[in-house]
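Colleague: Here's my sequence, what's the structure:
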Amino acid sequence: MTQPNASPAMPGRQRGVTLIIALMVLAVLTIAGMGVIGMSSVEMRIAQNEKASQVAFEAAESGLRRVMRSPTLRQTLLNPYANGTDPVADVQTVNFNSAPGDWTSEVEIQPLGASLPCPISSSATATSGVTCVFYEITSVGQYGDATQRGASKTVIGSVYVQVGGGHSGTTYATE
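Modeller: Below is the predicted model:
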């Protein structure tokens, strides 16, 4: 019997090439997977930093709003005659903390001047000699500490208090 011409070495060579191609594909997929993992960890850090920045900004805003909206704090901290005689008292500082303790806000109230013309005047205030005391309120919000990804933001507001009248006003600026 005659056998057809068959090369016994051919199937072995094909199996070796398949193994090499499979290893190359596996290597490419591994490298691509490692790249995706690296990119996702960078994205995670960016998201954590953005969160820390936003919480710090909200902490600073919260400190400023607490001083501006609380009648008790306004009466004690924005009182032009708080020290008895001088219509411009010393710099005052008040601190606020969140209930879980993850953020703080330090608010500094700085008098800028007394007996200045009020920005909103009417014929009644112009003739009665009403003046204003101006304050700059700086609120610094902090989030996190050295062990966390922390952030700090500052919000600056200004307020005037009429001396001898019934109207006061506020303006805000952020940094």
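Colleague: Determine the longest helix present in this structure.
Modeller: Criterion DSSP state H: the longest helix present in the chain is helix 10-69.
Colleague: Packing partners of it?
Modeller: When contacts are defined as 3 or more CB pairs under 8 Å, 6 or more residues apart in numbering; DSSP states H and E, helix 10-69 packs onto helix 71-77, strand 92-97, strand 103-116, strand 131-143, strand 151-163, strand 169-174. For every residue, glycine as well, the C-beta is placed using N, CA and C.
Colleague: So which of the ones you listed is the most surrounded?
Modeller: strand 131-143 (a mean of 22; mean count of other CB atoms under 10 Å).
Colleague: neighbouring strands for that one, and are they parallel or not?
Modeller: Sheet pairing for strand 131-143, assigned by DSSP bridges, gives strand 103-116 (antiparallel), strand 151-163 (antiparallel).
Colleague: so which of those strands comes closest to N49?
Modeller: strand 151-163 (7.2 Å; CB to CB).
Colleague: V140 bridge partners, please.
Modeller: What pairs with V140, by the bridge criterion (DSSP bridges), is E106, T154.
Colleague: Quick one: residues contacting it.
Modeller: Going by CB atoms under 8 Å, 6 or more residues apart in numbering, V140 touches 60, 63, 105-108, 152-154.
Colleague: and the gap between it and V55?
Modeller: 13 Å (CB to CB, to the nearest Å).
Colleague: just S158 next, same as before
Modeller: 25 Å.
Colleague: L73 contacts R65, doesn't it?
Modeller: No - between L73 and R65 there is no contact under CB atoms under 8 Å: 10.4 Å.
Colleague: distance of A47 from S41?
Modeller: 11 Å.
Colleague: any shared contact partners between these two?
Modeller: With CB under 8 Å, 6+ apart, A47 and S41 have no common neighbours.
Colleague: does P119 sit in a helix, a strand or a coil?
Modeller: coil (DSSP: H, G, I helix; E, B strand; the rest coil).
Colleague: Settle this for me: it is touching V161, isn't it.
Modeller: No - assessed by CB under 8 Å, P119 is found out of contact with V161, at 11.9 Å.
Colleague: Is A56 in contact with G141, as I believe?
Modeller: Yes - between A56 and G141 there is a contact at 4.4 Å, judged by CB under 8 Å.
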